[in-house]
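[1] output the structure for:
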Amino acid sequence: MLKKVKSARLRRPTRKQQTDIVYDLTQIGFKLKDVLYVTELPESTYHYHIAKKTKPHKDKELEDLIQAIFEEHKERYGYRRITIELRARGYKVNHKRVLRIMRQLGLQCLKFTNRSRRYNSYKGPVGKVAKNKINRRFMTPHPLQKLVTDITEFKCLNDEKLYLSPIMDLYNQALVLHKTENHCYLFIVN
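    As a prediction, this is how the structure comes out:
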């Protein structure tokens, strides 16, 4: 048993770890005073950590609630949104406390980070839907009769984005024109 204590002394365990070792040794049958002497752990520190173990956990209710909100929103909420949700439910809680609890529980929102967000221009059914004049007939006998375009997003250095809008003639699949912008505006297509 003393090997356990001596090996713990080589790694410099924390006082809490030392308290756990002393507690285990006293449960086996060693005297508390002898074990405290060998481990060089103050008796007051030992009793402090033992009392802390038996004290009810003050954040237990909040931990359960944070876990429930996190799972309810399919792991899409980070600490800021969970703090807002808790305040809406009537809890007076600081965002730093929510962040600390989420870190202890290992909860982290990975679905919506700044890098994973992409441009999406779809805003639902707005205005009139244009008729499908091409109707999957991509061949044409005359030049400049059918022109098509699309917008492509490129990720550049320093998390910057570049948008490319090429215009292609379906007669010979040649690029007639292209335009690049730092932001995706409607006038790129026009």
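[2] for residue 25, phi and psi?
    Backbone torsions of residue 25, given as degrees, to the nearest 10, read phi -70, psi -40.
[3] mean pLDDT per helix and strand in the protein: which one sits at the bottom?
    When each helix and strand of the chain is scored by mean pLDDT, DSSP states H and E, helix 2-11 comes last, with a mean of 60.
[4] helix/strand/coil for residue 91?
    When classified by DSSP: H, G, I helix; E, B strand; the rest coil, residue 91 comes out as coil.
[5] wait, isn't it in contact with residue 69?
    No: Residue 91 is beyond contact range of residue 69, at 10.6 Å (criterion: CB atoms under 8 Å). Where you see a C-beta, it was placed from the backbone N, CA and C, and this is true even at glycine.
[6] which element is the most centrally placed residue in the chain on?
    Centroid check for the chain by CA atoms, centre = their mean gives residue 109 as the closest residue, at 2.7 Å. Taking DSSP states H and E as the definition, residue 109 sits outside all helices and strands.
[7] tell me, how many neighbours does the spatially closest residue to it that is not a sequence neighbour end up with?
    Distances taken as CB to CB, 6 or more residues apart in numbering put residue 78 closest to residue 109, at 4.1 Å, once the chain neighbours are dropped. Here the count is done by other CB atoms under 10 Å, and residue 78 has 19 residues near it.
[8] equivalent analysis for residue 86, please.
    By the measure other CB under 10 Å, the count of residues near residue 86 is 19.
[9] ok, the closest residue in space to it that isn't next to it in sequence - contacts?
    Distances taken as CB to CB, 6+ apart place residue 93 nearest to residue 86, at 5.2 Å, with adjacent residues excluded. By CB atoms under 8 Å, 6 or more residues apart in numbering, the residues touching residue 93 are 62, 83, 86, 87.
[10] quick one: residues contacting the last one.
    Right, residue 87. Contacts of residue 87 by CB under 8 Å, 6+ apart are residue 93.
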